[in-house]
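A.B. asks: the following comprises the amino acid sequence and a computationally predicted model.
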Amino acid sequence: MAIRLLVTGGAGFIGSNFVHHTLAMDAGHTVTVLDALTYAGSVSNLAPVADRITFVHGNITDAALVDQLVGEHDVVVHFAAESHNDNSLSNPRPFVDTNIIGTYTILEAVRRHGNRLHHISTDEVFGDLELDDPAKFTSRTPYNPSSPYSSTKAGSDLLVRAWVRSFGLQATISNCSNNYGPYQHVEKFLPRQITNIIDGVMPKLYGSGQNVRDWIHVDDHNAAVHNIIDKGRTGETYLIGADGETDNKSALEMLLQLMGKPADWYEHVSDRPGHDLRYAIDSSDLRAELGWTPQYTSFEHGLAQTVEWYRANEAWWRPQKDATEARYKTLGR
Ligand code: NAD
Ligand code: TDX
């Protein structure tokens, strides 16, 4: 059935890929993007589909605007967030405003209009795991976030759960692991190192590099989100992951090999304060209930495609590169 989708944060990394994915499905859905175009969002992410969507430049904390837009759509897919841990350590305030107040604003509008909401969240709400812990995160794992970023995401999830329980909101939540793919901001680990290598600058590994992230291609994440919108049970939390556990040092060595550099061509820089050690998702509930499976089964193959995308789209990332590295320099990273 064709639906009218309101996509918050649709000019960011995952949100813009979601819009591309949605239109490629050719299901007749109409798409409106609501995005404040912070440093992390760009209309250029939507350029290939600009004539097929409605773009609204606005803030999710603007209650009147959000109320009007929510009233005009069937389903709200809520990606908008401040998303970078390092920034949350330097200045937590925008994280509280967007992730907490922004989500509250959306919840109140959805409550008034009675639409369906899907809230996008992260595995970081569960805290971290020991390297040798056989356990992975499940939807039953208690929340234990570490950073201002992850604690504001945890807060937003809990608000959604409360609005479901108290007001009967028709909402679902998904918590996904680390995404990679096209249109990811150069502040994030993989794009930062890909663009450093293109520039002839040594990649920067935080601390020892033993920290593990559970990588998933952004298209697999977005396919799962569509499954949840179509078939998910309201009130449920779904964990999305593709069994992609890789330590940062190994991920970097893979990248160096793909880009023709020696395996040790990187430097260790100071560690992120409070740096989570390991994330790992058990997505068996999602797979069993909704029949989702990831299409990208080889991280190396997905990474090679991503490297090619950054090589082919220098005009997209170049304007952000110097300012991003200048910010890192002030942090000693
Ligand atoms: P991103 O930083 O690339 O994009 C965020 C987008 O939200 C940007 O376009 C930005 O302009 C917009 N935005 C920020 N504040 C806003 C506001 N107040 N009003 C309207 N728009 C605003 O982030 P991303 O990596 O694409 O993450 C998207 C969502 O997915 C977030 O909710 C994040 O927590 C979640 N998530 C990300 C990952 C990951 O690996 N990147 C993993 C799991 C979950
Ligand atoms: O230069 C770097 N060197 C480095 O070693 C950077 C930028 C990062 N790192 C490390 C820190 C992490 O262990 O790489 C790992 C990944 O770092 P980020 O890309 O900053 O991601 P992370 O902190 O794991 O959070 C990401 O995944 C979960 C997203 O940014 C979040 O939005 C998402 O919720």
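C.D. replies: All right, it came through fine. Numbering: from 1, shown residues only. Ligands and ions are numbered 1, 2, ... in the order given.
A.B. asks: so stretch 62-78, near ligand 1 or not?
C.D. replies: No - if you take Cβ under 6 Å from any ligand atom as the test, stretch 62-78 misses ligand 1, and the best it gets is 7.4 Å. (Each C-beta comes from the backbone N, C-alpha and C, glycine too.)
A.B. asks: quick check, that stretch touching ligand 2?
C.D. replies: No - in terms of Cβ under 6 Å from any ligand atom, no part of stretch 62-78 sits within range of ligand 2; the closest distance is 14.0 Å.
A.B. asks: residues making contact with that stretch?
C.D. replies: For stretch 62-78, the external contacting residues (Cβ atoms under 8 Å, 6 or more residues apart in numbering) are 3-9, 18, 32, 34, 56, 58-60, 103, 105-106, 108-110, 112-113, 115-120, 225, 229.
A.B. asks: kindly report the same for stretch 83-95.
C.D. replies: The contact list for stretch 83-95, computed with Cβ under 8 Å, 6+ apart, reads 12-13, 38, 40, 82, 124, 147-150, 152, 185, 187-188, 272-274, 328, 331, 333.
A.B. asks: could you list which of these also contact ligand 2?
C.D. replies: Within the contacts of stretch 83-95, those near ligand 2 by Cβ under 6 Å from any ligand atom are 124, 188, 272.
A.B. asks: of those residues, which is the most crowded?
C.D. replies: The most crowded member of those, judged by other Cβ atoms under 10 Å, is E124 (23 neighbours).
A.B. asks: what about the residue nearest to it when sequence neighbours are not counted, which helix or strand?
C.D. replies: Closest residue in space to E124, ignoring its immediate chain neighbours: S150 at 3.7 Å, by Cβ to Cβ, 6 or more residues apart in numbering. Per DSSP states H and E: S150 is located in helix 148-167.
A.B. asks: what's near enough to touch Y266?
C.D. replies: Neighbour list for Y266: 193, 202-205, 252, 256 [criterion: Cβ under 8 Å, 6+ apart].
A.B. asks: how does it look with 7 Å?
C.D. replies: When contacts are counted by Cβ atoms under 7 Å, 6 or more residues apart in numbering, Y266 touches 202-203, 205, 252.
A.B. asks: tell me which stretches of the protein form helices.
C.D. replies: Secondary structure of the chain (DSSP state H): helices at 13-25, 63-71, 85-90, 93-95, 103-113, 148-167, 189-198, 218-231, 248-258, 284-290, 299-312, 314-331.
A.B. asks: buried subset of the contacts of stretch 83-95 as a ChimeraX selection?
C.D. replies: Entered in ChimeraX, the line below selects the buried ones among those, by 16 or more other Cβ atoms under 10 Å:
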select :12,13,38,40,82,124,147,148,149,150,152,185,187,188,272,333
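A.B. asks: any figure for the gap between the nearest residue to N99 once chain neighbours are set aside and H21?
C.D. replies: Setting aside the residues directly before and after it, N99 is nearest to T152 in space (Cβ to Cβ, 6+ apart), at 3.7 Å. Using Cβ to Cβ, to the nearest Å, T152 is found at 26 Å from H21.
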